[in-house]
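K.L.:
Fold the following for me, if possible:
(2 chains)
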Amino acid sequence: MRPAYELYRPRWYRRRMPIFWWLRKPAYVWFICRELTSLAVAYTAVLLLVAVAALGRGEAAWEGLLERLASPYAVAGHAALLAALLFHTLTWLHLAPKAMVVRLGRRRLPDAAVLVGHYLGWAAASALVAWSLLAG
Amino acid sequence: MARSNEPFFWLLFSSGGTLAALHFPALAAVLFVAAPLGWVTLPPHGELLARLAHPLLRFAVWGVVTLAFVHWGHRFRFTLYDGLQLQHLWGLIATLCYGGAAALSLAAAWLLWSLP
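P.N.:
Model prediction:
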């Protein structure tokens, strides 16, 4: 049960922020763009599932999807998608040394080494993806 | 201190972010840009379908898309809170974001399970 004096609780102090506060400085705009790459990630996963579904429905459905993907609008949109995904990858990999502290015995592995490790992982994963799509 | 479910979602968010960072640029470059432009040639339909026949690959695809959806849900949730100053819709936004990720993940499981 709420005690009666709850009525007289002082109002919380919340500073009023305008909705578009992040347009004030370029750094804030970059921050919001970086956060919005999550939309590109989700869209890519959905499109992958659309491709898998088309594969499952048969050859005609698959050819139809490839035709739609080849339209100039789709290609332009997906080039922008690729740019957003690369922005996600670069910002993500460059945060990794800050999020991850690797120790060898007592010494801390330098940030540059952690970063190089992540870039090598990116190269390996990209090669794996390209190989599994294109090989044969 | 009250226990929080934040670390759990953060772990899924960061695994999804890492998997997407490592795999998605190559996936989008090959499948959605290079192949439509004719720079590379995809194997024929039957060959690609045969590759997906392996249960391990299906499970890997499901795992990657599920973590990608959770990554989106978690990150987009805070983008809405901070970017549009919607902190007062805390519960509603969290439900829509994580619920959306869960629904997409279930749809992916159903789709991959029902492939021929």
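K.L.:
got the residue ranges for the helices in chain B?
P.N.:
Using DSSP state H, the helices of chain B run over residues B:6-27, B:35-37, B:45-51, B:55-83, B:90-113.
K.L.:
Could you check the angle the first one makes with helix B:90-113?
P.N.:
It stands for helix B:6-27. 50 degrees (axes from the mean of the first three to the mean of the last three C-alpha atoms, to 10 degrees).
K.L.:
Flag every buried residue along helix B:6-27.
P.N.:
Buried positions in helix B:6-27, judged by neighbour count with 16 or more other C-beta atoms under 10 Å in any protein chain shown: B:9, B:12-27. (Each C-beta comes from the backbone N, C-alpha and C, glycine too.)
K.L.:
Likewise for the second one?
P.N.:
Of the residues in helix B:35-37, those with enough neighbours to count as buried (16+ other C-beta under 10 Å) are B:35, B:36.
K.L.:
Tell me the helices and strands packed up against that helix.
P.N.:
Packing contacts for helix B:35-37, counted by 3 or more C-beta pairs under 8 Å, 6 or more residues apart in numbering or on different chains; DSSP states H and E, involve helix A:59-69, helix A:72-99.
K.L.:
Which ones, among the buried residues of helix B:6-27, also lie beside chain A?
P.N.:
B:14, B:16, B:17, B:18, B:20, B:21, B:22, B:23, B:24, B:25, B:26, B:27 (C-beta under 8 Å from any C-beta of the partner chain).
K.L.:
Adding distance to residue A:22 and pLDDT as columns, could you present those residues in JSON lines?
P.N.:
As requested, these are arranged in JSON lines below (distance: C-beta to C-beta, whole Å; pLDDT from 0 to 100):
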{"residue": "B:14", "distance to residue A:22": "23", "pLDDT": "93"}
{"residue": "B:16", "distance to residue A:22": "24", "pLDDT": "96"}
{"residue": "B:17", "distance to residue A:22": "21", "pLDDT": "96"}
{"residue": "B:18", "distance to residue A:22": "25", "pLDDT": "95"}
{"residue": "B:20", "distance to residue A:22": "23", "pLDDT": "97"}
{"residue": "B:21", "distance to residue A:22": "23", "pLDDT": "97"}
{"residue": "B:22", "distance to residue A:22": "28", "pLDDT": "97"}
{"residue": "B:23", "distance to residue A:22": "29", "pLDDT": "97"}
{"residue": "B:24", "distance to residue A:22": "25", "pLDDT": "98"}
{"residue": "B:25", "distance to residue A:22": "25", "pLDDT": "98"}
{"residue": "B:26", "distance to residue A:22": "31", "pLDDT": "98"}
{"residue": "B:27", "distance to residue A:22": "30", "pLDDT": "98"}
